[in-house]
Every structure is written in C-alpha cells, then in structure tokens.
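Colleague: sequence first, then the predicted structure:
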Amino acid sequence: MTTEDEIELLGIKLTHTIKMVDLDEHGNAIERRHLIQVIDNIKIEIYSLEHPPPHFHIKSSTLNATFSINSCELLKGNVDSKTFKKIKYFHSLNKPKLVEVWNNLRPTDCPVGPIKI
C-alpha cells in the first residue's frame, strides 16, 4: 500500500468516526445501535450501518421485526396485532425523533442518505 493510499484510507476512517460510526482496533466500522425507547420489554432501535429503506428495529425475547420509518409498514418479521398497534401508536408520536436519530447516525457517504419529512 502506498503512502497516498494510506492517507486516503485514514481520511475515510476519520470521516466515519466523525459521523458517529465507531471503529474497531483495525479501523473497521462497527455498527452502533441507538436505543430509542423500550415499551413493555420491546426495544425500539436504529442501527448506524444500514441499508434502504430507512427503518427501525423492534426486539424482545420473542420479537425481531423491522418497520419503515416513513410509513410504519412492517418490512421484516412477524408481530401480533396487539404489538403492531403499540408500534403504530409509538410511531405516530415519535416519527420526528426516529427521523432525527436516523439522520444523525448516517455517515456522509451512506447510500441511504437522510430522511426528509
């Protein structure tokens, strides 16, 4: 690796660090999980290194699902109707916060980019 390549790699690593992505001891980006809220033992989280569309995760000992930030559509996993109603209600009150956290966790070179409401 040339010195120029090393400098370019360092710049990339610094950009990721500044944009709230942690690095391991080898300089590789580590995904961060931001806990938004806990509702009845259900964690609502957003991860830093993600793919489109913008989404949030819900997790518990019996749940693992993903919902769209824009529409609260269930994207992945299964939830019962009672849990779905809780998540829809949470989303109706907290969409701006979800958007803010998603946007703050994106590195500048993230292909997903920021959400606009």
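Modeller: Arrived safely. In this text the structure is predicted, and so the values were computed from the model without any measurement.
Colleague: would you map the helices across this protein?
Modeller: Along the chain, counting by DSSP state H, helices occupy 3-18, 81-105.
Colleague: rank the ones you listed by mean pLDDT and give me the bottom one.
Modeller: Mean pLDDT across those is lowest at helix 3-18; the value there is a mean of 56.
Colleague: these two touch, right, R33 and I44?
Modeller: No: counting by C-beta atoms under 8 Å, R33 does not reach I44; the two are 10.7 Å apart. For glycine as for every other residue, the C-beta is placed from the backbone atoms N, C-alpha and C.
Colleague: among the two, which residue is more densely surrounded?
Modeller: Each of R33 and I44 has its neighbours counted (other C-beta atoms under 10 Å); I44 has more, 21 against 13.
Colleague: report the contact partners of the more buried one.
Modeller: 35-38, 56-58, 87, 90 (C-beta atoms under 8 Å, 6 or more residues apart in numbering).
Colleague: list buried residues within these.
Modeller: 36, 56-58, 87, 90 (16 or more other C-beta atoms under 10 Å).
Colleague: so the residue nearest to K86 when sequence neighbours are not counted versus C72, what's the distance?
Modeller: Nearest non-adjacent residue to K86, counting by C-beta to C-beta, 6 or more residues apart in numbering: I39, 5.8 Å away. Separation of I39 from C72 (C-beta to C-beta, to the nearest Å): 14 Å.
Colleague: who has more neighbours out of these two?
Modeller: Comparing I39 with C72 by other C-beta under 10 Å, the one with more neighbours is C72, at 19 against 15.
Colleague: still on that earlier bit, narrow the contacts of I44 to those in strands?
Modeller: Counting by DSSP state E, those place 35-38, 56-58 in strands.
Colleague: hang on, the earlier thing: closest one to E100 out of the buried ones among the contacts of I44, please.
Modeller: I36 (10.1 Å; C-beta to C-beta).
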